[in-house]
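>>> got a predicted structure plus its sequence, pasted below:
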Amino acid sequence: MLLTSLPIAAVPRVRLAPDVARNDAAEIVDLSRACGTVLDPWQCDALQAACGVRPDGLWAAKTVGVNVSRQNGKSWILVARALAGALLFDEKVIICSAHEQKTSRTLFLGLVSYFENYNDLRKRVKSIGRALGREEIVLKDGTRLFFPARTRSTLRGWSIDCYLADEAQLVTDQQWESVKPAMSARPNSTAWLLGTAPQLYTDAEVFGRLRAAAHAGTDTSMAWIEYGAEPGSDLDDRVQWAAANPGRVEIDAIESERRELSPEGFLRERLNVWPTDRGQRVFNMDTWNGLVGEGPVDGTPPSALAVDASPDRVLSIAAAWLVEPKDAGQELFIQWRSNCHVELVAHECVADPLLALEWVVERAGRRSPVVIDGASPAAAMIPHLQARKVKVITTSAQAMAKACGGFLDDVVQARISRTGQPPLDAAVEGCRKRPIGEAGAFGWDRRDGSVVVSPLVAVTLAHFGAVSAGRRRSGRATFAGGY
């Protein structure tokens with residue numbers, strides 16, 4: 001029993017196509033059929049949206065996006081388009097890329113099968129390179145098809161007629177910056193990106209930005225086809241299953257995924273619902289709002305300070321105070337994970353950085369550590385603070401991961417009190433995670449320009465400094481150990 005027997009036929013949630021003089025999609029469909037591959041109706045419609053031609057004979061869509069959940073056949077669109085580019089559209093350099101070489105090789109093998117199994121196509125071949133990582137098909141007329149895994153420098157020095165990217169939700173800005181200039185010298189170049197919803201919105205640096213433009217309808221030189229369930233819909237609604245899966249996905253497989261995947265995984269992998277559409281937040285705002293409490297008495301030295309800066313170098317300074325134990329039992333608890341009060345003590349210190357430096361030096365003295373992330377714009381302060389004999393803790397990526405994980409844990413367990421401050425509240429509400437390494441560690445993502453995250457970074461680092469190197473008071477250790 002196939003998905004097409006579900007209550008409705010799938011229609012795109014978003015279908016953006018430029019105005020055109022003619023359309024060449026039928027040529028691609030006919031070529032695929034002649035080579036033994038009959039494309040599904042949704043694949044033909046995607047080609048129809050993408051393959052319009054302007055009156056001057058150039059492609060109307062300079063960038064094409066196809067966004068659909070896994071195993072619906074988007075890779076066959078890529079294979080059909082590559083084959084047509086080589087045989088019909090006189091595209092001399094065609095790049096078929098994926099995030100990993102094994103996926104690029106799968107695309108390579110799919111195209112090689114056509115050239116090996118059909119005599120008319122076999123006669124066109126000059127050579128086929130099969131070495132892992134160097135797969136290529138070279139035709140006698142000079143057409144070259146390459147199948148590289150993506151890196152930030154793979155395509156520098158190339159000139160490309162057609163760029164076809166599978167797993168496009170993982171294309172990074174650095175990779176895209178090597179691709180687009182490589183197409184600028186070709187008068188009729190086009191880029192196709194085919195992908196699904198990412199695990200984190202910030203994983204989709206390029207695909208997410210193109211998707212936002214497509215949803216806004218602001219780019220008239222783009223074609224975009226997107227299938228997915230409506231955000232907020234019932235995960236067991238089979239109408240939504242059908243809406244998100246226009247291809248040949250079996251109902252039994254979807255039912256198995258619904259039982260075995262997490263709700264977030266099912267939304268992402270099968271229903272193609274993006275993190276932003278899921279209303280993803282790192283912090284529970286009810287929990288966060290419940291942490292507002294009285295800070296220390298004025299004049300109480302902080303256990304640690306921290307400084308962070310936004311990309312435009314606007315400083316945020318935070319402080320953290322370890323809470324004194326009131327009895328032996330609480331003292332034993334604090335030795336494991338200290339209760340802590342955090343707050344911003346200065347924000348938007350952009351007018352006079354030297355004044356901000358003096359302010360930090362005065363309050364830190366030589367006892368309270370000042371924590372600064374080594375990758376932050378605020379790291380420029382580190383040598384000046386060290387020259388003034390201030391104890392500076394410079395965090396690496398691994399230490400930042402520990403700091404962010406520890407801060408989130410203590411918020412969830414209500415082991416932190418804080419002062420209500422709008423810049424910090426806005427950063428907490430809008431922040432996103434960025435992965436650090438492959439084991440689930442994370443940091444606060446600075447790449448989302450819509451959120452000023454530096455207040456949260458500063459508070460997180462102040463908390464980390466207090467808990468890992470906090471001051472001793474009254475002869476009693478307020479912390480022993482670390483995260």
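Sure, I can see it.
>>> can you measure across stretch 241-251, start residue to end residue?
Its start and end residues considered, stretch 241-251 measures 9 Å (CA to CA, to the nearest Å).
>>> distance between it and the chain's centre?
25 Å (CA atoms, centre = their mean, to the nearest Å).
>>> make sure residue 182 is actually in contact with residue 159.
Yes - with contacts counted by CB atoms under 8 Å, residue 182 reaches residue 159, the gap being 6.1 Å. Every residue, glycine included, has its C-beta placed from N, CA and C.
>>> list the contacts of residue 394.
By CB atoms under 8 Å, 6 or more residues apart in numbering, the contact set of residue 394 is 371, 372, 373, 374, 379, 382.
>>> with residue 271 instead?
69, 228, 229, 233, 235, 240, 241, 244.
>>> separate out the buried members of those residues.
69, 228, 229, 233, 240, 241, 244 (16 or more other CB atoms under 10 Å).
>>> where's the dip in pLDDT among these?
Lowest model confidence among the buried ones among the contacts of residue 271 falls on residue 233, which carries 88.
>>> ok, residue 182 and residue 159, which is more surrounded?
residue 182 (21 against 14; other CB atoms under 10 Å).
>>> for the more buried one, give me phi and psi.
Phi and psi for residue 182, reported as degrees, to the nearest 10, are phi -70, psi -10.
>>> please report how far it lies from residue 176.
From residue 182 across to residue 176, the span is 11 Å (CB to CB, to the nearest Å).
>>> same thing with residue 242?
33 Å.
>>> low-confidence ranges in this structure?
Along the chain, the model assigns pLDDT under 70 to residues 1-9, 151-157, 201-202, 276-280, 324-338, 348-353, 438, 448-450, 470-483.
>>> from residue 83, how far off is the most centrally placed residue in it?
The structure's the chain has its C-alpha centroid closest to residue 203; by CA atoms, centre = their mean the separation is 1.4 Å. Per CB to CB, residue 203 is found 30 Å from residue 83.
>>> again with residue 28
Where residue 83 is concerned, residue 28 sits at a distance of 8 Å (CB to CB).
>>> which residue packs closest to residue 224, ignoring adjacent ones?
Using CB to CB, 6 or more residues apart in numbering and skipping the chain neighbours, the partner closest in space to residue 224 is residue 214 (3.5 Å).
>>> same drill for residue 28 and residue 83, tell me which one is more crowded.
residue 28 (25 against 22).
>>> in which helix or strand does the closest residue in space to the more buried one that isn't next to it in sequence reside?
Using CB to CB, 6+ apart and skipping the chain neighbours, the partner closest in space to residue 28 is residue 84 (4.3 Å). Secondary structure assigned from DSSP states H and E places residue 84 in helix 74-87.
>>> OK, contacts around residue 257?
Residue 257 neighbours (CB under 8 Å, 6+ apart): 266, 269, 270.
>>> out of the residues you listed, who's nearest residue 421?
residue 266 (37.4 Å; CB to CB).
>>> show me what the helix holding residue 84 packs onto, helices and strands only.
helix 25-34, helix 41-50, strand 93-97, helix 101-117, strand 162-165, strand 190-195 (3 or more CB pairs under 8 Å, 6 or more residues apart in numbering; DSSP states H and E).
>>> contacts for it, please.
27-29, 31-32, 35, 37, 39, 43, 46-47, 66, 68, 91, 94, 96, 106-107, 110-111, 114, 121, 124, 137, 139, 143, 145, 161-162, 164, 166, 192, 194-195.
>>> repeat that for stretch 106-114.
35, 75-76, 78-79, 82-83, 96, 98, 121, 128, 135, 137, 145, 147, 166.
>>> can you select the buried ones from the residues you listed in ChimeraX?
In ChimeraX syntax, the buried subset of these is picked out as below (16+ other CB under 10 Å):
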select :35,75,76,78,79,82,83,96,98,121,135,137,145,147,166
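>>> identify the farthest-apart pair in the contacts of stretch 106-114.
Largest pairwise distance in the contacts of stretch 106-114, by CB to CB, is 23.0 Å, between 98 and 121.
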